[in-house]
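Peer 1: Model the following, please.
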Amino acid sequence: MNKVILMGRLTRDPETRYTQTNNTLVSSFSLAVNRRFVRQGEERQADFINIVAWSKLGEFCSKYFKKGQQVGVIGRIQTRTWDDDQGQKHYVTEVVAEEAYFADSKRDGETNNTSFENTFGNTAPGNMGADFEMSSSDDLPF
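Peer 2: This next block holds a predicted model:
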């Protein structure tokens with residue numbers, strides 16, 4: 001099984017381009033995902049993970065995701081290789097997004113995310129109800 005669930009902050013605005021072969025939209029961005037455990041006296045460390053979203057999901061990400069936002073991504077890990085013009089082989093590992101969510105608390109993110117409800121069959125976490133609120137200092141169980 002190849003399933004990845006990530007929550008982190010965007011390190012830059014998503015970049016959007018179109019494939020040459022069939023003009024399909026692809027959006028790419030990077031998430032800074034904090035490591036769960038920190039030794040006493042050490043600073044919190046983060047992993048920077050490249051994300052790729054295709055077609056409608058890519059369009060959604062490029063339109064609504066901005067640098068610094070906390071988002072959740074569900075997808076799969078993919079590795080690929082290519083040779084550059086000098087014959088040098090390049091390897092890349094990335095997450096291909098299958099679902100994407102807003103994960104900022106209501107006070108940190110947009111105040112009205114109702115237009116995002118049921119996008120791709122899901123509800124944005126900011127719409128879970130008026131009494132739902134999570135501070136950034138809360139520890140998550142995953």
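Peer 1: for Tyr67, what are its contacts?
Peer 2: Just so we're on the same page, residue 67 is Lys rather than Tyr. For Lys67, the contacting residues are Leu10, Thr11, Arg12, Asp13, by C-beta atoms under 8 Å, 6 or more residues apart in numbering. C-beta coordinates here come from the backbone N, C-alpha and C atoms, glycine included.
Peer 1: Same list, those residues, but as JSON lines with neighbour count please.
Peer 2: As requested, the contacts of Lys67 are exported to JSON lines (neighbours: other C-beta atoms under 10 Å):
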{"residue": "Leu10", "neighbour count": "19"}
{"residue": "Thr11", "neighbour count": "15"}
{"residue": "Arg12", "neighbour count": "12"}
{"residue": "Asp13", "neighbour count": "15"}
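Peer 1: Please tabulate the residues you listed in TSV, including the columns secondary structure.
Peer 2: Compiled in TSV, those are given as follows (DSSP: H, G, I helix; E, B strand; the rest coil):
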residue	secondary structure
Leu10	strand
Thr11	coil
Arg12	coil
Asp13	coil
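Peer 1: Closest to Ser105 out of these?
Peer 2: Leu10 (15.9 Å; C-beta to C-beta).
Peer 1: shaky segments in this structure?
Peer 2: 106-142 (pLDDT under 70).
Peer 1: Quick one: end-to-end distance for stretch 82-89.
Peer 2: This stretch, stretch 82-89, spans 6 Å end to end (C-alpha to C-alpha, to the nearest Å).
Peer 1: burial count for Tyr18?
Peer 2: When neighbours are defined as other C-beta atoms under 10 Å, Tyr18 has 11 of them.
Peer 1: State the distance from Ser30 to Glu94.
Peer 2: Distance, Ser30 to Glu94, using C-beta to C-beta, to the nearest Å: 10 Å.
Peer 1: what is in contact with those two at once?
Peer 2: Ile49, Asn50, Ile51.
Peer 1: So which of those wins on neighbours?
Peer 2: Neighbour max across those (other C-beta under 10 Å) = Ile51, 24 neighbours.
Peer 1: what about the strands in this protein?
Peer 2: 4-10, 15-18, 25-34, 46-54, 70-83, 89-102 (DSSP state E).
Peer 1: Packed most tightly, which of these would that be?
Peer 2: Mean neighbours per residue, mean count of other C-beta atoms under 10 Å, is largest over these for strand 25-34, with a mean of 18.
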